[in-house]
Every structure is written in C-alpha cells, then in structure tokens.
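Trainee: predicted model, plus sequence, below.
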Amino acid sequence: MSSAVTPANIVPQLCGDRWQTMESDRWTEVYNPSNGQVIARTPLATADETATVVEAAAAAFPAWRETPVIDRARVMFRYRALLDEHFEELAAIVTREHGKTLAESRAEVNRGIEMVEFAAGIPSLMMGESLPNIARGVDAETARHPVGVCVGITPYNFPNMVPLWMFPVAIVCGNTFVLKPSEKVPLSAVRMIELLLEAGLPPGVMNLVHGDKECVDALLAHPEVAAISFVGSTPIAKSIYEAGTANGKRVQSAGGAKNHLIIMPDADMDSTVQALAASAYGCAGQRCMAGSLAVAVGGAGDPVVESLIEFATNLRVGPSDGDEQIDMGPVIRDDHRQRVAQYIDIAAEEGATIALDGRREFAGDGFLVGPSVVDHVTPEMRVVKEEIFGPVLSVARVDSLDDALAIGDGCEYGNGAVIFTRSGHAARHFKQHFNAGMIGINVGVPAPMAWFPFTGWNHSFFGDLHMQGTEGIHFYTRQKVTLTRWPQEGESHLDPVWKSGK
C-alpha cells in the first residue's frame, strides 16, 4: 500500500443497508492525475461478494416496485436539491480523481443533475395507453412495469454524469440498482450515493460494488440481474452485450467513437476553430463525443490548420486541482499518456505531418500531455481508424462534401459528427446522409441533453434502446397489455366471436 493510502482511504461498497470495506487481497490504486499521487485504494470484489450485493438489490425490489411512482419521483426531487447544495464538492471530487478542469467538472455535474430532473418527471412519461371498446364490450390498456435488478457499469471519463444517466431513471421506474463504477474513479460514485440515501431512498434500492472482470462477469451471469447498462470501449461494449444477452438480460452497451468534424470553405473560421479545439481538447480528449478527425473541404485546410496551431499552442495545460485558469488538465493515468503519445509517432511513420506535437516537459508529476494537430491524414491510417481518447486532432483534406461523407461511411463507429457551414443545403445534405447517430450543425459537441436519447450507431452502440430520454424509460420498464370485459347480468362471459370459433 502506498504511504499516501490509509485504511480511511479504502473505498467502501454499499450492500443493502450497510457500507462495507472489503478485506480483498486484490485492489487497484486511485490517483490524482494532476500530481501522480495515490489518494485511495479500490478493493476488487470477488464473484461471491458481487453476488451478495445483487441479492441485496433483489431483496429490496418487491417493496420498491409497490412504492407509488409519485413517492419514487419525490426522492429525486429531494436528491436534486442535495446535488445542488453539494455542487462544488461534487465537482471538486471529479477534478481530484479524474483530472478535468474545475470548469469541466462543473459542466459534468450540471449534466448529471439534468438527468435527475428528467427522472423526477417520469410519472407522466410512464403512463400507458388505453382504447375502450377495441372489440364489442372489450377495453384495452397498456402499463409499464419495472424489470427488476438493474446494473450500471460505468467508465472513468465521466464519473458523475454517466452513472446519473442510469440509476435515477431505473429507480423511479421501480427497479433496484447495482452500480459498478470504474475502479479508477470510485470516489464520485460513493459521494453521489451517500447523498441519494440522504434523500430518503430505502435500503437496498441502490447498491455499489467495485471490481474488475471477475466482478463484471458475475454481474452478467447472475440470475437476479434483469438489465445491464454499460459505457466504455467498443471491444468491451460488444463483449458485454454478447454475454449479457446470452444470459437472458436486456442490454444497452455504448462503445467508443471516432467523431468527424467537417469544415466547409464558407465556415466562419474563428468560431469554427474555437469549437474544434473545445471538441478535441476538452476533458483532454477523454470523452466519447470528442472531435477526433477534422475533415477540411476544398480550400478550408490551410486556414483551419494554421488557426488550430495558434489556438492550441496558447492553451494553458497543467494540474487542474489548484488552478482555475488552466484550459486543459491531465489524462487519467501515465500509461494512458504514453499510449496517446505513441499515436503521434504512429501517424508520422504512416506519412502524416505532425503540425503540432503536444509531447513536452511539464513541471510536476502529473499525467500531462499537450494538444496535438496531425495534418494530411488519410483513411487507411490508424489515427483515422482507431479511437485515441486523448488530445490529438487529425486533419484530412478532401475536395467535396461527398468525399467527407465517404470517409464517414468507411468508419466503424457512429457516435457523432459535426459540420461547420453557412450553407443550409450543405447542412441538410450532411444531416441526412452522414453515418452517425448524433449530428451537430455549427455545434462542436452534439451530445444531447437528458430529454433526448444518446443515439450512437454502428459499433458505437450495441442494443436496441439507448440511454437518456424516453428510450431510457422504455429500457428500464416492460409493457403489459390488459384486455377487460365486464358482461352484463345474464350475458355470457364468452364474446360471440369466440363462441363462433372465428
């Protein structure tokens, strides 16, 4: 154990009504990426320990399912007030364990709170449909019912927001929940759940477990688990989907991305470059909606690259936990920093031009790497095909919008894409035909807000119902259809149609 870690820094799990510190001989360290110091230790649950947490959630399900939906929603009203009261504390935790700038952490917490606001309105969104007299004397109605124990497996890049995509909706829909956050950033999850319990959630409705593949495999196989939500890399998303569905679970599994940013020659260059930089370098590029490939159409290439270099060179990169003037903080781990840096070498070896190399010496021991611009890339290069998940923006040059669309058609991912233009015709053509589920027009990061689904396509999503919006409600509920007939006195219970055999 590092000298920076004491027993008080061991991250607990929540099983039913008990916070527990597991006595595991397997664990991982939690770092402050700004200074490289170990700040906590995450024990990794065994399959048996994981099963115990699931069984606590299953035990709480019958009573919670019967709790009136209005009462379930009122927990979220109280929870929203507590999140707002502790807003700065929650943002500071994100910055400390993830490395985002404080402004980015505040934005993340805000987006999470929006999901809680959405969940508080679920009673009206869960309402069913009815049609009287669908047959003679027969009325039909639908109702939405909870599915049971739901599981969320969440990534390190949004330790506050992504769990809030999941558990508020699942809980108000009447389910119980087990959260398995990234072992790299568990502190945000612990604090969010503490506040949820303070809001009056009954024991066992919300549970927390930490772990690696052993824990995840146990969650995917446990017979009491009904639904699994996952966000992470595409290979793992695909594996989660296949294993979960093979075990009879419903699964929504969001994977990686390679988001394209199309710059038309008529785009306003100043605002476009600012949006490009915010998209590519925000959160140090560690987000599935980050712009990763800029596609300059016609004569837009040189102006875009020149302006990007000037803009990115002036970004202030440094430790994010003590300086609110920083524009870009560290990446999550030193090995991730090395992985990002390797892509710059790979691009050069494959014939790209390194217009701006973000690898340089920084003071301190933080996991810092500066913004990079890789110019003259082509579709067969790895920096075009693979998700880097760091502050590297590649630039391709094409002759026409259709050429840009063709690059998108060849991409295995399909989260988001953006066009910068003054042309309504170009924007409409792009919106109709680009091969991605979330589209931006003069918007750098086309991530939808809570009321709309997060609609990744292709290998960016595995499943049928996306997170957020009404699709999220449909995922966490199942429909029941009831046909009702009340015969008059002396009338047969059998409709004449059935008696006739027709």
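Mentor: Okay, I see it.
Trainee: all contacts plus neighbour counts: C-alpha atoms, from now on.
Mentor: Fine.
Trainee: domain parsing for this structure?
Mentor: The chain breaks down into these domains under automatic domain parsing: 7-256+456-481, 259-412+416-441.
Trainee: name the element the closest residue to A341 other than its chain neighbours belongs to?
Mentor: The shortest distance from A341 to any residue that is not its chain neighbour, by C-alpha to C-alpha, 6 or more residues apart in numbering, is 6.8 Å, and that residue is R359. R359 is located outside every helix and strand, with elements delineated by DSSP states H and E.
Trainee: state the phi and psi torsions of R359.
Mentor: phi -80, psi 110 (degrees, to the nearest 10).
Trainee: could you dump the domains of the chain into TSV and include distance to G490 and mean neighbour count?
Mentor: As requested, the domains of the chain are arranged in TSV below (distance: least, C-alpha to C-alpha, whole Å; neighbours: other C-alpha atoms under 10 Å):
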stretch	distance to G490	mean neighbour count
domain 7-256+456-481	14	21
domain 259-412+416-441	58	20
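Trainee: what's across from the residue lying closest to R485 once chain neighbours are set aside in the sheet?
Mentor: Counting by C-alpha to C-alpha, 6+ apart, the nearest residue to R485 once its immediate chain neighbours are dropped is V138, at 4.7 Å. For V138, the residues forming beta bridges with it (DSSP bridges) are A135, R485.
Trainee: where's V138 relative to Q479, distance?
Mentor: When C-alpha to C-alpha, to the nearest Å is applied, the distance between V138 and Q479 equals 19 Å.
Trainee: over to I388?
Mentor: With distances taken as C-alpha to C-alpha, I388 is found 40 Å from Q479.
Trainee: kindly report the same for T101.
Mentor: The value you get for T101 to Q479, if C-alpha to C-alpha is used, is 43 Å.
Trainee: what distance do you get for G211 to I228?
Mentor: On the measure of C-alpha to C-alpha, G211 and I228 end up 16 Å apart.
Trainee: sorry, that was for D327
Mentor: 35 Å.
Trainee: also R106?
Mentor: According to C-alpha to C-alpha, R106 and I228 sit 28 Å apart.
Trainee: turn the domains of the chain into CSV, including mean pLDDT and distance to Q488.
Mentor: Below are the domains of the chain laid out as CSV (pLDDT from 0 to 100; distance: least, C-alpha to C-alpha, whole Å):
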stretch, mean pLDDT, distance to Q488
domain 7-256+456-481, 97, 10
domain 259-412+416-441, 96, 53
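Trainee: P487: which of those domains is closest?
Mentor: When those are compared for distance to P487 using C-alpha to C-alpha, the nearest one is domain 7-256+456-481, at 7.7 Å.
Trainee: give me the nearest residue to V94, chain neighbours excluded.
Mentor: S105 is the one closest to V94 (C-alpha to C-alpha, 6+ apart), at 5.9 Å.
Trainee: tell me who's in contact with the one you found.
Mentor: S105 sits next to A91, A92, V94, T95 when contact means C-alpha atoms under 8 Å, 6 or more residues apart in numbering.
Trainee: now the helix or strand encompassing the second one, how far from the centre of its chain.
Mentor: Per DSSP H and E: A92 is located in helix 87-98. For helix 87-98, the separation from the chain centroid amounts to 17 Å (computed by C-alpha atoms, centre = their mean, to the nearest Å).
Trainee: fine by me, thanks again.
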